[in-house]
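Chemist: Return atomic coordinates for the entry below.
(one chain, ligands or ions: 1)
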Amino acid sequence: MSNLANIDLTDPRFKANPYPIYDQLRAQTPVVRISIGFGYKAWLVTRYEDVVFTLKDQRFTKDVYKAPKRGFFRKEMLFAWMFGPFVKHMLNADEPDHTRLRGLVQKAFTARFVESLQPRIESLSEELLDRIAAQGHMDLMRDFALPLPVTVITEMLGVPAADRGRFVGWITTILDTGIGPQSLKMLPLISKFKRYVRELMQLRRRQPENDLISALVVAEEAGDKLSEAELMAMIFLLLIAGYETTVNLIGNGMLALLDHPAELEKLRTQPAIMPSAVEELLRYDGPLEIASQRYALCDIEIAGTMIPRGHMLAPGLTSANRDPRQFEQPNGLNLTREPNRHVGLGQGIHYCLGAPLARLEAQIAFAALLRRLPEIRLAVPRNSIRWRSSLVIRGLQELPIAFRTSAAVRGATKTF
Ligand code: HEM
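Modeler: Numbering: from 1, shown residues only. Sure, this is the predicted structure:
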């Protein structure tokens, strides 16, 4: 118990099984002040009800510049200087800017528009599996879970295929380096990234295509809708949000299924339960440990703890999704769980913009994997699986799997 305040959300050993610690926190210290690196501290909120409150209550601002400062102003300025135009996006905005920014891209992420992408996502997923079908083994992360959503979001945005590998490497390094003195090492990388996005914007100004960057460039040129900094930040957010999470839903989800062979078999034999299965995989081991930071605009009490004005909060999504006050048998995987009001995609005004796309990609991915890779199993001992050391992301470094090759052939596409 005395060590609970010392938990390190980035420690891969914690990531491997954070659940007993979250059980203790929810029972004993539901709101706990933890270090998140570089001298920063945040209040980690662990109970479902309190996490929903923190995500929805407008007395928590998303805009660090509105937060009453508490002695970390110089560090904030350093980050503002380092990350420059990447911070002015909807996830860091309160109303009314939030509605304006979200409104500019909302149409491309509605369920109806996203449905039109289904044939493309299905064919991509088949192509990726065609490449490894005869091998009998693969690293699911590298060979499938990563390239699928990266290709989808870069095609939607209009990033040329030849550049995808480069910027995925940049984003992974930036996200995994985290906050701390080590983040200074990222400066050259960040400027490369900025230069790249600027060039891409210029290219789309000259040669518009039927993609999101071209549409956003038009909105920027219209004057009052979008500044250049906001445009750049929007592209950065959509790129990161568009694949980092989905990759890990596929990875964590497949590991959860492999850990629960009866549920895996149920999904293979009853593909109609796929939509509810994806919701349960989002709940059981979702891709985000915590939601993005909030700052208290005034003193606010949560679960008996007074959060002083200006302090930072980290809403614990992973913990909330295993709260026994909300979910029956929270540590069990039940692919037909009903109801399932998980917070894996957030809540309130910042509820995931890409939720319909994430759901569709995951449904197509799991359907294809289970149909085309019979007798799928881990190719390494379970205890050798390593987790990424990231504050926000819950994801695997790699997921080596093996499968029977003879039946790994193309089949019907529509399976759910
Ligand atoms: C399984 C995959 C995904 C998960 C688990 C996920 C999760 C989340 C969560 C929890 C939030 C709220 C964060 C907060 O309140 O601090 C969020 C917001 C957001 N997500 Fe996702 N996401 C996923 C996929 C996607 C995809 C594919 C996109 C497409 C671009 C996307 C775009 C966004 C954007 C733009 C926001 C900010 C919305 C706003 O501020 O209004 N996400 N996501």
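Chemist: Point out where the stretch 301-416 of the chain drops to low pLDDT.
Modeler: Filtered on pLDDT under 70, the stretch 301-416 of the chain yields the residue ranges 406-416.
Chemist: Then residue 35 would be within a strand, right?
Modeler: Yes. Assessed by DSSP: H, G, I helix; E, B strand; the rest coil, residue 35 belongs to a strand.
Chemist: per-residue confidence for it?
Modeler: In this model, residue 35 is scored at 93, pLDDT.
Chemist: what sits against whatever residue of the stretch 301-416 of the chain ends up closest to the ligand?
Modeler: Nearest residue of the stretch 301-416 of the chain to the ligand: residue 354, at 2.0 Å (CB to the nearest ligand atom). Yep, even glycine has a C-beta here, placed from its N, CA and C like the rest. Applying CB atoms under 8 Å, 6 or more residues apart in numbering, we find residue 354 in contact with 109, 241-242.
Chemist: at 6 Å instead, please
Modeler: residue 109 (CB atoms under 6 Å, 6 or more residues apart in numbering).
Chemist: what comes up buried for the helix or strand harbouring residue 266?
Modeler: Using DSSP states H and E, residue 266 sits in helix 261-269. Under the neighbour-count criterion of 16 or more other CB atoms under 10 Å, helix 261-269 has 263-264, 266-268 buried.
Chemist: Distance to the ligand and pLDDT added to the residues you listed, as JSON lines?
Modeler: Supplementary listing: these in JSON lines, determined by distance: CB to the nearest ligand atom, whole Å; pLDDT from 0 to 100:
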{"residue": "263", "distance to the ligand": "19", "pLDDT": "98"}
{"residue": "264", "distance to the ligand": "19", "pLDDT": "98"}
{"residue": "266", "distance to the ligand": "21", "pLDDT": "98"}
{"residue": "267", "distance to the ligand": "17", "pLDDT": "98"}
{"residue": "268", "distance to the ligand": "21", "pLDDT": "96"}
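Chemist: Spatially nearest residue to residue 352, not counting backbone neighbours?
Modeler: Among residues not flanking residue 352 along the chain, residue 345 sits closest, at 4.0 Å (CB to CB, 6 or more residues apart in numbering).
Chemist: Please tell me I have it right and the one you found contacts residue 355.
Modeler: Yes. Shown here, residue 345 and residue 355 form a contact pair, counting by CB atoms under 6 Å, at 4.9 Å.
Chemist: So between the two, which is more surrounded?
Modeler: residue 345 (19 against 16; other CB atoms under 10 Å).
Chemist: and whatever helix or strand residue 155 lives in, C-alpha only, in PDB?
Modeler: Counting by DSSP H and E, the element that carries residue 155 is helix 147-157. The C-alpha trace of helix 147-157 is given here as PDB (Å, rounded to 0.1, in the frame of the first residue of the first chain):
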ATOM      1  CA  PRO A 147       0.400  -1.600 -41.500                       C
ATOM      2  CA  LEU A 148      -3.400  -2.000 -41.700                       C
ATOM      3  CA  PRO A 149      -4.500   1.200 -39.800                       C
ATOM      4  CA  VAL A 150      -1.400   3.100 -41.000                       C
ATOM      5  CA  THR A 151      -2.400   2.500 -44.600                       C
ATOM      6  CA  VAL A 152      -6.000   3.400 -43.900                       C
ATOM      7  CA  ILE A 153      -5.400   6.800 -42.100                       C
ATOM      8  CA  THR A 154      -2.500   7.800 -44.500                       C
ATOM      9  CA  GLU A 155      -4.800   7.100 -47.500                       C
ATOM     10  CA  MET A 156      -7.600   9.100 -45.900                       C
ATOM     11  CA  LEU A 157      -5.300  12.000 -45.200                       C
END
